[in-house]
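> build me a model:
(2 chains)
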Amino acid sequence: MTALLALVARDLRRAWAGGSVTYTLAFFLLVTILFPFAIGPDAALLARVGGGVIWAAALLAALMPVERLIGPDAESGVLDQFAVRGLSMASVAAAKIAAHWLAFGPPLMLAALVAAGLLDLSGAVLLKVEVGLLIGTPGLAALAVATSALVSGLRGAGAVAGLVMLPLAVPLLIFGAGSIEGGFGAVKLLAAVSLMLLAGAPFVAGAAMRAGMD
Amino acid sequence: MSDSLSFNAVTCARGGRVLFEDLSFAIAPGGAVVVTGPNGVGKSTLIRMAAGLLKPASGNVEGPACALMAEASALDSDRRLGDALRFWATLDDGEDPHGRVARAIEATQLSAIAEVPVRLLSTGQRRRAALARVVASGAPVWLLDEPANGLDDASVRTLETLIAGHRAAGGIVLIATHLPIDVPGAQSILLGEAA
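Okay, here's the model as predicted:
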């Protein structure tokens, strides 16, 4: 357990110090800024599509750090060292998911405040978006770590990661964006999808990391 | 778990090719084995099997807790050397990880660069850093994969001294190398000649 906490602290420190958090947030805000340029400065229209825009931007931003979550650790022998110390790869993956969410979820929710201002979202819509992100980002983080483990070591891992991850993230997008208008039912479905990803990802990622050691 | 590291009729197949077959040996506390042989005969694979990272195609490997020095140093390149070593030492069993790291840095003659980020180290310094990680682990079994790669003569002497010290304290050392390392009284295993 202390080993896993140490791993969470290490990954978190790397995410902040390595600029991964900053890049992800900058990309997220950039995507939300692109929409007003594309759609035009119609405040009413932007307010109507704004929640969905934030969700789409969050999904794209979640792709940014995928290449750096597992690949470098597999390459530098860090995963081997954890395995030698008797840690299962599934628990390493779970710790990595926790660390990645901490470096991704809360900062993204803060950035969503800025994005809501840019898109002229009302307070009520913003609250629904934030609740949705709080529930959905753990699933997104789990999916990112599992994808990262699956594509680590591949040439062009970043491009493949997008193709693997985005289709699987579609349910989060549907129920996340849907929860803004769809009410509580969509929130429950969002939570279900997020929970499923969170429960399954450590095992998928762990098996992929283990297979990568061969 | 026994005190000694033993390979029992281990067969290793990689990519559909058998690298070695029916390999058996045991290393008692204080003992050492040096594995030699040409490139690609499975020296590193044998080390990874001893570490439990790879499953043998048949047979089994058993032994006490081990510390692995493989090709990659597994030290975070953006951290200072001392901090990177302390990260691993705190995960290992045993008391006083900081003292163990300080002694290991001293023993591998890295004191002067303990505050330098790992990414700035030279190849040889990085190898010694990886060795320091193994020394600081306090594990009874040392698995060293090509430990002499990139080391100058003086560092090879240091490596030999550290190995001798570890064995004198009842430790076990398994080394795969293609460079000569002087390990007195070690069993020698030559891979790849029978095939």
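
> ok, the residue most central in space within chain B - contacts?
When chain B is reduced to its mean C-alpha position, the nearest residue by C-alpha atoms, centre = their mean turns out to be B:L144, at 2.1 Å. The contact partners of B:L144, by C-beta atoms under 8 Å, 6 or more residues apart in numbering or on different chains, come to B:I47, B:M69, B:L131, B:V134, B:I163, B:V173, B:L174, B:I175, B:A176, B:T177. Glycine gets a C-beta too; all of them are placed from N, C-alpha and C.

> what do you get if the cut-off is 6 Å, keeping everything else the same?
Taking C-beta atoms under 6 Å, 6 or more residues apart in numbering or on different chains, we find B:L144 in contact with B:M69, B:I175.

> same thing with B:E115?
Applying C-beta under 6 Å, 6+ apart, the residues near B:E115 are B:R80.

> how near is it to chain A?
Distance from B:E115 to chain A, counting by C-beta to the nearest C-beta, to the nearest Å: 16 Å.

> part of a helix, is that residue?
No. Using DSSP: H, G, I helix; E, B strand; the rest coil, the assignment for B:E115 is coil, not a helix.

> which SSE is immediately downstream of the strand or helix carrying A:G132?
Here A:G132 sits within helix A:123-151, counting by DSSP states H and E. Remark: after helix A:123-151, the chain's next helix or strand is helix A:157-182, criterion DSSP H and E.

> so which bits of the helix or strand just after that following helix are buried?
For helix A:157-182, the following helix or strand on the C-terminal side (DSSP H and E) is helix A:184-212. Buried residues in helix A:184-212, counted by 16 or more other C-beta atoms under 10 Å in any protein chain shown: A:186-187, A:189-191, A:193-194, A:197-198, A:201-202, A:204-210, A:212.

> next one: stretch B:141-156
For stretch B:141-156, using 16+ other C-beta under 10 Å, the buried residues are B:V141, B:W142, B:L143, B:L144, B:D145, B:E146, B:P147, B:A148, B:L151, B:S155, B:V156.

> residues contacting A:H100?
A:A141, A:V145.

> surely it forms part of a helix?
Yes. Assessed by three-state DSSP, A:H100 belongs to a helix.

> check what pLDDT it gets.
At A:H100, the pLDDT value in this model is 95.

> what mean pLDDT would you report for stretch A:18-28?
Stretch A:18-28 comes out at a mean pLDDT of 91.

> show the pLDDT at B:H166.
B:H166 is given a pLDDT of 93.

> tally of neighbours for it?
21 (other C-beta atoms under 10 Å in any protein chain shown).

> any idea how far it is from chain A?
17 Å.

> helix or strand for that residue, which one?
helix B:153-168.

> how far does whichever helix or strand comes after that helix sit from the chain's center?
Next helix or strand after helix B:153-168 toward the C-terminus (DSSP H and E): strand B:172-176. Centroid separation for strand B:172-176 versus its chain: 6 Å, with C-alpha atoms, centre = their mean, to the nearest Å.

> can you give the strand pairings for strand B:172-176, parallel or anti for each?
strand B:32-36 (parallel), strand B:141-145 (parallel) (DSSP bridges).

> got a list of contacts for it?
Contacts of strand B:172-176 (C-beta under 6 Å, 6+ apart): B:5, B:27, B:32-35, B:43, B:47, B:50, B:141-145, B:163.

> which of these sits closest to chain A?
B:L143 (8.3 Å; C-beta to the nearest C-beta).

> and the closest one, what does it touch?
Per C-beta under 6 Å, 6+ apart, neighbours of B:L143: B:I47, B:A50, B:A51, B:C66, B:L68, B:L174.

> okay if I get these as CSV plus neighbour count, pLDDT and secondary structure?
Formatted as CSV, those follow (neighbours: other C-beta atoms under 10 Å in any protein chain shown; pLDDT from 0 to 100; DSSP: H, G, I helix; E, B strand; the rest coil):
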residue, neighbour count, pLDDT, secondary structure
B:I47, 24, 92, helix
B:A50, 28, 92, helix
B:A51, 24, 91, coil
B:C66, 21, 90, strand
B:L68, 28, 93, strand
B:L174, 28, 94, strand
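
> count the neighbours of the residue in chain A that chain B sits nearest to for me.
Residue nearest to chain B within chain A: A:G77 (3.5 Å; C-beta to the nearest C-beta). As a burial measure, A:G77 scores 19 neighbours (other C-beta under 10 Å).

> pull out the buried residues from stretch A:29-48.
Buried residues in stretch A:29-48 (16+ other C-beta under 10 Å): A:L29, A:V31, A:T32, A:F35, A:P36, A:L46.

> actually stretch B:76-89, not the one I typed
B:D76, B:R79, B:R80, B:L81, B:G82, B:D83, B:A84, B:L85, B:R86, B:F87, B:W88, B:A89.

> give me the nearest residue to the last one, chain neighbours excluded.
Taking C-beta to C-beta, 6 or more residues apart in numbering or on different chains as the measure, B:A89 lies nearest to B:P97, with 3.8 Å between them; neighbours along the chain are not counted.

> gap between that neighbour and chain A?
Following C-beta to the nearest C-beta, the distance that separates B:P97 from chain A is 11 Å.

> ditto for B:N60
17 Å.

> determine the three-state secondary structure at the residue nearest to that residue when sequence neighbours are not counted.
Excluding the flanking residues, the one nearest B:N60 by C-beta to C-beta, 6+ apart is B:N8, at 5.3 Å. Three-state secondary structure (criterion: three-state DSSP) places B:N8 in strand.

> how near is B:N8 to chain A?
20 Å.

> now do the same for the most far-flung residue of chain A relative to its centre: its pLDDT.
In chain A, counting by C-alpha atoms, centre = their mean, A:D42 sits farthest out from the average C-alpha position, at 29.9 Å. A:D42 is assigned a predicted lDDT (pLDDT) of 87.
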